[in-house]
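K.L.:
using only what follows, build the 3D model:
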Amino acid sequence: MLALVAGLLWAGPAAAAPSTPAVVSIDYCADQYVLALADRGQIHGVSPRARQAFSYHRERAADVPVVEPVAEAILHAGPDLVVRFWGGNQRLVSMLERVGVDTVNILYGHDTETIFGNLTKVASALGRTDEASGLIADQRARIAALEARPRLNLRALYLTPSGTTGGAGTDVDGMIRLAGLENMAAELGYRGWRTVSLEELLMNPPDVFIGSFFDDADVSRSSWSPARHPRLARMMGDVRTVPVPGRFLSCSGLFSVDAAEYIRATLDGTR
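P.N.:
Take a look at the predicted model:
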């Protein structure tokens, strides 16, 4: 296989990519874009985590070949295009481009316009712009519907098994507000991601806990996490808790609308 890579690196310029290129995605967030937008026949491979519980489109990945994010495996899959978020590195990207395999790098950002820009960018490279336009229109309509609903007079705190919460400026903050709630972490002055203060919670409990990844065996829980404290466990039993599926909360806000709808429907008793 190394000989194949070396031979390709010495080859001349590749032919122009087809209008509907064969594609491989090399990390599970890149997988979500490809599985959402590409025609099944275009997909020559997804990352090893595409079928995990935290992968939103894991069911679509069930019959897709798994490709390790290394040059030999990618080239063996024969793609015209590789989509990546954090998978691989610049050396891998340079190697792929030298043999005529285009790469699309998804930009980090959880705001709506960055997500929509990523959808448009990936879809354009795949020759599937209509699919992106449909997804974006659907998302905008669902966001408008959530924003039109009356806000709930409830303070919510997001919590993971590690005791981490999302303050102002995180995708979780936007998700909570889109669901019609107030983000207690932001009210406490938290910015970004940080560990919750157990003392603050005991003195000032939220109206709602929003938990995620507690049922995911692949997510480790620190022995020192506040989430392991028996007082917090009892509090979560007393305070209304909405357990959001982890697959809604991965990939930098890509599925925040789904998560917000899930939270609101749970609190409204409509799911």
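
K.L.:
how many residues are close by Val238?
P.N.:
Just so we're on the same page, residue 238 is Asp rather than Val. 9 (other C-beta atoms under 10 Å). C-beta: built from backbone N, CA, C; applies to glycine.

K.L.:
mind listing residues that contact stretch 58-67?
P.N.:
With C-beta atoms under 8 Å, 6 or more residues apart in numbering as the contact definition, stretch 58-67 has outside contacts at 24, 26, 31, 35, 40, 43-48, 50-52, 55, 73-74, 77, 247.

K.L.:
restricted to strands, list those residues.
P.N.:
Val24, Ile43, His44, Gly45 (DSSP state E).

K.L.:
which ones are touching the second one?
P.N.:
Going back to what we said before, that points to Ile43. Ile43 sits next to Ala22, Val23, Val24, Ser25, Val34, Leu35, Val64 when contact means C-beta under 8 Å, 6+ apart.

K.L.:
tell me the bridge partners for it.
P.N.:
On the basis of DSSP bridges, Ile43 is bridged to Val23.

K.L.:
any idea how far it is from Met95?
P.N.:
21 Å (C-beta to C-beta, to the nearest Å).

K.L.:
Trp193 contacts Ala168, correct?
P.N.:
No - contact criterion C-beta atoms under 8 Å: Trp193 and Ala168 do not qualify, at 10.9 Å.

K.L.:
where in this protein is pLDDT low?
P.N.:
Within the chain, the stretches falling below the threshold (pLDDT under 70) are 1-18, 213-229, 232.

K.L.:
give me that answer again for 80
P.N.:
Where the chain drops to pLDDT under 80, the residues are 1-19, 162, 212-237, 271.

K.L.:
so which residues of it form helices?
P.N.:
Assigned by DSSP state H, the helices in the chain fall at 2-9, 28-37, 71-77, 90-98, 112-126, 129-148, 171-178, 184-187, 198-203, 230-238, 256-268.

K.L.:
among the ones in strands among the contacts of stretch 58-67, who's most crowded?
P.N.:
Most neighbours among the ones in strands among the contacts of stretch 58-67, by other C-beta under 10 Å: Val24, with 31 neighbours.

K.L.:
residue contacts, that one?
P.N.:
Neighbours of Val24 in contact, by C-beta under 8 Å, 6+ apart: Ile43, His44, Gly45, Val46, Val67, Ile74, Ala77, Pro79, Leu81, Val82, Val83.

K.L.:
list just the nearest of the ones in strands among the contacts of stretch 58-67 to Gly127.
P.N.:
Of all the ones in strands among the contacts of stretch 58-67, Gly127 sits closest to Ile43, with 13.1 Å by C-beta to C-beta.

K.L.:
quick one: that closest one from Ala36, how far?
P.N.:
Ile43 is 11 Å from Ala36, by C-beta to C-beta.

K.L.:
ditto for Ser162
P.N.:
For Ser162 relative to Ala36 (C-beta to C-beta), the value is 28 Å.
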